[in-house]
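Asks: this is the structure alone, sequence omitted:
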């Protein structure tokens, strides 16, 4: 029996243009996000086929696939290396909700390897039923090993090293602004939105996002004016507001010319950061007269973020 395992849980993403439609089908089949009383599989097939051409066009603009898989693998490798310094038997796996390696594939491997302790560590710092909750639910459905070995990490939105990793990226991005403009930057935190109904049902996601923003700005002594908004709305239901597009419009109308966009709920770059923020909303900003528009690079292989994950794992194991 091995010492312990860590399972990094993430969304996953299409690894080719041909993968876009089946990826979307897996996403729309998730009952924790799309609550269809009957016929969900038919709904998922219909809506994914309908949306695939538009989504494929977006992926073409960012290299023809999602980089989230590569970044998650890099994070897995770096975390395993960091943990094995103290415990050579530590193993780190990845488990994706909507693409390979699927959660059921990883759960089967972990069960077969028989670890004394298993830490389920989502790469979502903020808990939502649509992300962490969905991943945990799927793991519980498919895992056949010793459930007593399982340890669930629900969130780490205020972990000091996670906050520090964001601020390192913010500082790096500020250096790319013209020197004369650095004192006039508006920091815009853009988080993935959720339907308002989840908030009403008690989902803590939006409150945790706000606490992360507060923690980041407190740590940097409120160096610049800052704002929080939400992106990636889908469907006709009411979502968290204000939207990122509306926030950009508001700031431009107020005469601001220099925006630093911080993708706060993401720990690696993928379509929401590379296309939605860096292409789609950049066009909005430029049309409105924004002179300097910068999107912060994701945490990706940040050594400070990996240190945060290591600390979380060790604290959970102990």
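Replies: Okay, I see it. This structure is a prediction, so every number in the text was calculated from the model and none was measured.

Asks: give me the buried positions along stretch 43-51.
Replies: Residues 44, 45, 47, 48, 51 are the ones in stretch 43-51 that count as buried (16 or more other CB atoms under 10 Å). Where C-beta positions appear, they are placed from N, C-alpha and C, glycine not excepted.

Asks: distance from the chain centre to stretch 46-55, please.
Replies: 22 Å (CA atoms, centre = their mean, to the nearest Å).

Asks: SS state for the residue most central in space within the chain?
Replies: With distances taken as CA atoms, centre = their mean, residue 266 lies nearest the centre of the chain, 3.1 Å away. Assigned by DSSP: H, G, I helix; E, B strand; the rest coil, the conformation of residue 266 is coil.

Asks: who's in contact with residue 59?
Replies: 14, 17, 20, 65, 66, 271, 275 (CB atoms under 8 Å, 6 or more residues apart in numbering).

Asks: can you say which of the residues you listed are buried?
Replies: 14, 20, 65, 66, 271, 275.

Asks: quick check: the fourth one touching residue 272?
Replies: No - the criterion here is CB atoms under 8 Å, and residue 66 misses it with residue 272 at 10.0 Å.

Asks: what about the closest residue to residue 245 other than its chain neighbours, how many residues close to it?
Replies: Once flanking residues are discounted, residue 245 sits nearest to residue 284: 5.7 Å by CB to CB, 6 or more residues apart in numbering. For residue 284, the neighbour count with other CB atoms under 10 Å is 16.

Asks: you'd agree residue 284 is up against residue 246?
Replies: No - using CB under 8 Å, residue 284 and residue 246 do not qualify as a contacting pair, with a distance of 9.9 Å.

Asks: before we move on, back to that, out of the buried ones among the contacts of residue 59, which are inside helices?
Replies: 20, 271 (DSSP state H).

Asks: mind putting the buried ones among the contacts of residue 59 into JSON lines with pLDDT and distance to residue 30?
Replies: JSON lines is the format used below for these (pLDDT from 0 to 100; distance: CB to CB, whole Å):
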{"residue": "14", "pLDDT": "98", "distance to residue 30": "16"}
{"residue": "20", "pLDDT": "98", "distance to residue 30": "16"}
{"residue": "65", "pLDDT": "97", "distance to residue 30": "21"}
{"residue": "66", "pLDDT": "97", "distance to residue 30": "17"}
{"residue": "271", "pLDDT": "97", "distance to residue 30": "17"}
{"residue": "275", "pLDDT": "98", "distance to residue 30": "22"}
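
Asks: what is the nearest of the buried ones among the contacts of residue 59 to residue 175?
Replies: Distance to residue 175, by CB to CB, is smallest for residue 275 among these, at 24.3 Å.
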